[in-house]
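>>> turn this into a structure:
(4 chains)
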Number of protein chains: 4
Amino acid sequence: MHIDSYFSLSNSSLGESEFVILGIPYDSTQSFIPGSRFLPNAVREASWNLESYSMLFDFDFNDVKICDAGNINVDGTFIEIVERVGEFYEKINAIPIAIGGEHTISYACAKNFDNVCYIAFDAHLDLRDEFDGNKFNHACTVRRICEEIENVILIGVRSGTKEERDFAENNIEVFYSWDVMEKGINWIVDRLECKLVYLSLDVDVFDPAFVHVSTPEPAGLFPMHFLQFLKKFKGKIVGFDVVEGIPDNEKRTQMLVARMIFEFIARSKRF
Amino acid sequence: MHIDSYFSLSNSSLGESEFVILGIPYDSTQSFIPGSRFLPNAVREASWNLESYSMLFDFDFNDVKICDAGNINVDGTFIEIVERVGEFYEKINAIPIAIGGEHTISYACAKNFDNVCYIAFDAHLDLRDEFDGNKFNHACTVRRICEEIENVILIGVRSGTKEERDFAENNIEVFYSWDVMEKGINWIVDRLECKLVYLSLDVDVFDPAFVHVSTPEPAGLFPMHFLQFLKKFKGKIVGFDVVEGIPDNEKRTQMLVARMIFEFIARSKRF
Amino acid sequence: MHIDSYFSLSNSSLGESEFVILGIPYDSTQSFIPGSRFLPNAVREASWNLESYSMLFDFDFNDVKICDAGNINVDGTFIEIVERVGEFYEKINAIPIAIGGEHTISYACAKNFDNVCYIAFDAHLDLRDEFDGNKFNHACTVRRICEEIENVILIGVRSGTKEERDFAENNIEVFYSWDVMEKGINWIVDRLECKLVYLSLDVDVFDPAFVHVSTPEPAGLFPMHFLQFLKKFKGKIVGFDVVEGIPDNEKRTQMLVARMIFEFIARSKRF
Amino acid sequence: MHIDSYFSLSNSSLGESEFVILGIPYDSTQSFIPGSRFLPNAVREASWNLESYSMLFDFDFNDVKICDAGNINVDGTFIEIVERVGEFYEKINAIPIAIGGEHTISYACAKNFDNVCYIAFDAHLDLRDEFDGNKFNHACTVRRICEEIENVILIGVRSGTKEERDFAENNIEVFYSWDVMEKGINWIVDRLECKLVYLSLDVDVFDPAFVHVSTPEPAGLFPMHFLQFLKKFKGKIVGFDVVEGIPDNEKRTQMLVARMIFEFIARSKRF
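Numbering: from 1, shown residues only, chains lettered A, B, ... in the order given. Next up, the predicted model:
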């Protein structure tokens, strides 16, 4: 029975799966619109609308083993959540795909990988050292990740403070949204040197026309840009998360997230 | 010019006012549906629909001095917010009316009063000692208030744990929703002995048919019950807050909150 | 073909009909939430959900001739609309049922009847002489009607200014919402002496829990109160309008209006 | 304390400010979807999501003095509103930024400037001489402005009557949306000769995918087009308004308007 599980993609036990889908319904530090806590289940529901075949990658989902592991318990403090995610990631032998929740959960996921580049599609720099007296606020995610991972790359950025920009220029690589829009994804992919990647998709990188998000930023990327990235980039991606979406009544946001996970899996099997 | 303030009720400076309206847009510990952070401004907008005369209390608002002090800064930790509210309440010489935000903000407000009873209309006991590793979670509000105020009374309760109920029976006075529905408000008012009161209205006390709230509980009170309480109860109320409403598209929730504040002021001037 | 017509109730030509349904999608003077202009068509859509039999009045709609005459043109000034409605009402030989639009349209309809009492269910007195420099603002409707009809009765009132209340006490009969709630509809019906009636239902008379309206007022009547009025009141009703509803996503408001028109027709045939 | 003002951009008194933000919540002549009256406050709320730094213009908002003057009183006739806006604009010594409300309010704002070109981004010509018996209907805005300002330029137009187009060809300059989409903003900017400009952004110029508006017109511009205009155009802009947006549930429209005002200010300081 499909009880709340990722449709057509949840066909395996945790032990034998190649990909594991995990919900992390946490959004407690949201500074603007809360509600991304409801995304994982909404994506599962939206996934009922997916076929079992990717046209983009010419891939049939009968040829892959996937487990939907449900949602992780987000009671307690954020540190407790980080520990729970760590324990879970340690015991699996598959590529994990986390559905947030706010961007903070990307830290809990990415820190379990060694020797990776962290590539995030994001409208924001998320490089503050502290926000609302909290080092694990969603506005600090990339800053915390910089303490765990050396090589950090952001794509689609168009908002941040002067201090964040200064920090970014000295510590990470940033591709701004206007450059993506004008020069295209290939121009960026050509400049990426990393081979082993943890990938994070903060859906506010897309124009608010396409998604309902916690902190909308106008003049963003198109969903096609992300699909083109999946198609053109040749590095190995060992972990993935999608964050900051808020389910909407028309099911546009949750459908977009479901589709991006679907194509991520198809892409991973074709490389 | 109409500054975006509580309509027809904001006619005075802070110094000369008899009532001060303050928004506290904080909802970070919400365990279920977040969004009450958007209530204060929605109530202001809804207030454009209020007349300047209360038919229920035969009172004209030209005869009262009210100041809308805007929203308090909720950046930082909850402790910092408590301090800011405390400093604000210290400097005013008027009856404060706070618009939440989650119920937690009631603690920040009520603790500034001495020798009062704390009466809350609430569907929940809110008596947990800790929740999500946080003593200031919205599920702990009344427990924290019990540490500050001796005499605590809850009206309309219909949800809580066994532990909370045990604590309630030994420490506070509770009127359950079924008793309110069956016996009426007068039956309760006749049993109240307190003369000096801090009043809190958690709008989830009402049936979910009437309001959009963070943690809806079926089989609740009617708005008329609260109006009858304002009409029949003869004690002096020195502070008031309304919490846990989430603005809805049809402006029902925000209109209800606006009206309850309106009638609270009219009532206070007629006694 | 059912083209946007009132379902199961539109079975006749204009000439042979006993009841005529007319939409007046006008809401230009709304002081708070506009959108009632979209009500007539939404009510038609909602009416697809009606049966052809009224259980309340034990009446089958095969035994009545009804015409849905569509919406009247509301281009131009309000005076022009009043004239168009007048010309239309003059040429029909049936009981007209108008769907607003704002309450102002009730003036355009009611003024075409002689020797009637005007009974309105309404949360507001609508007795201002002028509003926003306009004598035909929706807040002035009943005042304008008082200039055309001698005997005016309002039921369910709970909002107005001091001046309106003074005017009301000297010129019309008012039954307040608290009295309806406490004493019931029979108590009111027993006090009504009029025999020939034009009836107006401003749906903001109901609690905002039940409808989406332009100017919501908490603590209102229940839909059952209006049905009880239709059942108990024995006078002859020669014209009817329903106004001030705004269609909602869940189709609650439009369904309520459709049902009230349905029962009005059933009732009219049983007396 | 955060008064409900334009976040991070309201840091000054009216007297010392370089920019003044003013809400004009008027939408009474809307011929299709009303609701833009709720835009000014929704934009303020959305502005909580803005940083204090513009990445596009490399500008920090600590270096500018801005006052949010609240909403102007829109009670009474439109002429009275025009007078109130005029009195307000006369007393300020700063660049005014008005948030509508319908496009009509642009007339009330622009007529206070001498020797300017009026440039509007708009899907419609708005050149009717009269509509619904009203010379100040929102469909007449540009016609009225032509009576006050000699040099009028519209960008992004794709809707109007034959009569409006004839009038346009003889009296104003029009850049159609298809030309913007095909040739880009630079092509237009190169053809603009005006140096001193009053700028109006009717957000229906954008594709309905990006905004909720009163009169949606498909096949519109992208938000990036307007940002590119702000970046490339070298004239001096002495006044600005944004009109015709209706707040949406997902806060996309209000966030877009907030951002455009934000970048307008950053741009104005960098030239």
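
>>> report how many residues lie close to A:T77.
13 (other C-beta atoms under 10 Å in any protein chain shown). All C-beta atoms are positioned from the backbone trio N, CA, C, and that covers glycine.

>>> distance of the closest residue in space to it that isn't next to it in sequence relative to A:D75?
Among residues not flanking A:T77 along the chain, B:G133 sits closest, at 4.2 Å (C-beta to C-beta, 6 or more residues apart in numbering or on different chains). As judged by C-beta to C-beta, to the nearest Å, B:G133 and A:D75 stand 8 Å apart.

>>> does any part of whichever strand or helix holds A:D68 sit near chain B?
Following DSSP states H and E, one finds A:D68 within strand A:66-71. No: judged by C-beta under 8 Å from any C-beta of the partner chain, strand A:66-71 and chain B are separated, with a smallest distance of 14.5 Å.

>>> alpha carbons only: can I get that strand in CSV?
Extracted in CSV, the C-alpha atoms of strand A:66-71 (Å, rounded to 0.1, in the frame of the first residue of the first chain):
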residue,chain,number,x,y,z
ILE,A,66,14.3,3.3,-3.9
CYS,A,67,13.1,3.5,-0.3
ASP,A,68,10.9,6.2,1.2
ALA,A,69,12.0,6.3,4.8
GLY,A,70,9.3,8.7,6.0
ASN,A,71,10.0,11.8,8.1
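
>>> check contacts around A:P216.
Contact partners of A:P216, counting by C-beta atoms under 8 Å, 6 or more residues apart in numbering or on different chains, are A:I33, A:D204, A:P208, D:N49, D:E250, D:K251, D:R252, D:M255.

>>> assumed the last one was part of a helix.
Yes: secondary structure of D:M255, determined by DSSP: H, G, I helix; E, B strand; the rest coil: located in a helix.

>>> A:I261 against A:I97, yeah?
Yes: under the criterion of C-beta atoms under 8 Å, A:I261 makes contact with A:I97 at 5.7 Å.

>>> joint contacts of the two?
Common contacts of A:I261 and A:I97 (C-beta under 8 Å, 6+ apart): A:I21, A:F240, A:V242.

>>> of those residues, which belong to helices?
Among the shared contacts of A:I261 and A:I97, no member falls in helices (DSSP state H).

>>> out of the residues you listed, which are buried?
A:I21, A:F240, A:V242 (16 or more other C-beta atoms under 10 Å in any protein chain shown).

>>> ok, now which ones touch the nearest residue to A:D60 once chain neighbours are set aside?
Leaving aside its sequence neighbours, A:D60 sits nearest to A:Y53 (C-beta to C-beta, 6+ apart; 5.1 Å). Shown in contact with A:Y53 (C-beta under 8 Å, 6+ apart): A:F59, A:D60, A:F61.

>>> residue ranges for the strands of chain A, please.
In chain A, the strands defined using DSSP state E lie at A:19-24, A:53-54, A:59-60, A:66-71, A:95-100, A:117-121, A:151-157, A:173-176, A:196-202, A:236-243.

>>> pretty sure A:C117 is touching A:E173, no?
No: if you go by C-beta under 8 Å, A:C117 and A:E173 don't touch, sitting 9.3 Å apart.

>>> got the phi/psi numbers for the residue of chain A found nearest chain C?
Closest contact between chain A and chain C, by C-beta to the nearest C-beta, is at A:N249 (7.7 Å). The phi/psi pair for A:N249 (degrees, to the nearest 10) reads phi -60, psi -40.

>>> strand partners of the strand holding A:D68, parallel vs antiparallel please.
Each strand paired with strand A:66-71, and its direction, by DSSP bridges: strand A:19-24 (parallel).

>>> what angle sits between the strand it pairs with and strand A:236-243?
30 degrees (axes from the mean of the first three to the mean of the last three C-alpha atoms, to 10 degrees).

>>> spit out the contact partners of the residue nearest to A:P247 when sequence neighbours are not counted.
Closest residue in space to A:P247, ignoring its immediate chain neighbours: A:A42 at 3.6 Å, by C-beta to C-beta, 6+ apart. Neighbouring residues of A:A42 by C-beta under 8 Å, 6+ apart: A:P247, A:K251, A:T253, A:Q254.

>>> pull out the buried residues from these.
A:P247, A:T253, A:Q254.

>>> what residues does the stretch 51-200 of chain A put near chain B?
So the stretch 51-200 of chain A meets chain B at A:D75, A:G76, A:T77, A:E80, A:D132, A:G133, A:N134 (C-beta under 8 Å from any C-beta).

>>> which one of the residues you listed is nearest to D:K91?
A:D132 (38.6 Å; C-beta to C-beta).

>>> what residues are up against the closest one?
A:T29, A:S31, B:S28, B:D75, B:G76, B:T77.

>>> return the member of the buried ones among the contacts of A:A42 nearest to C:T161.
Looking across those and measuring by C-beta to C-beta, the closest to C:T161 is A:P247, at 43.7 Å.

>>> given the worst-scoring helix or strand of chain A on mean pLDDT, what are its sheet partners and their directions?
Taking mean pLDDT, DSSP states H and E as the measure, chain A has strand A:53-54 as its least confident helix or strand, at a mean of 84. Using DSSP bridges, the strands paired with strand A:53-54 in its sheet are strand A:59-60 (antiparallel).

>>> show me what the mean pLDDT comes to for the partner strand.
Averaging pLDDT along strand A:59-60 yields 88.

>>> identify all contacting residues around that strand.
A:S52, A:Y53, A:A266, A:K269, A:R270.

>>> hmm, which of these are the buried ones?
For those, a burial check counting by 16+ other C-beta under 10 Å picks out A:A266, A:K269.

>>> can you put the contacts of strand A:59-60 in TSV and add distance to D:K183?
Shown next, in TSV, are these (distance: C-beta to C-beta, whole Å):
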residue	distance to D:K183
A:S52	44
A:Y53	40
A:A266	38
A:K269	43
A:R270	39
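
>>> ok, which pair from the contacts of strand A:59-60 is furthest apart?
A:S52 and A:R270, at 15.4 Å, using C-beta to C-beta across those.

>>> and stretch A:198-214, end to end?
23 Å (C-alpha to C-alpha, to the nearest Å).

>>> work out the gap between it and the centre of the chain.
Distance of stretch A:198-214 from its chain centroid, counting by C-alpha atoms, centre = their mean, to the nearest Å, is 9 Å.

>>> just the buried positions in it, please.
Along stretch A:198-214, these residues count as buried under the neighbour rule (16+ other C-beta under 10 Å): A:198-214.

>>> let me know whether it sits next to chain D.
Yes: counting by C-beta under 8 Å from any C-beta, chain D is contacted by stretch A:198-214 at A:D207, A:P208, A:A209, A:H212.

>>> put the buried members of the contacts of A:Y53 into a PyMOL selection.
If you want just the buried ones from the contacts of A:Y53 in PyMOL, going by 16+ other C-beta under 10 Å, the selection is:
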select buried, chain A and resi 59+61
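
>>> which one of the contacts of A:Y53 is nearest to chain B?
When those are compared for distance to chain B (C-beta to the nearest C-beta), A:F61 wins out at 34.0 Å.

>>> does that closest one really touch A:S10, like I thought?
No: counting by C-beta under 8 Å, A:F61 sits too far from A:S10 to count as a contact (10.3 Å).

>>> what touches both of those two?
Counting by C-beta under 8 Å, 6+ apart, nothing touches both A:F61 and A:S10.
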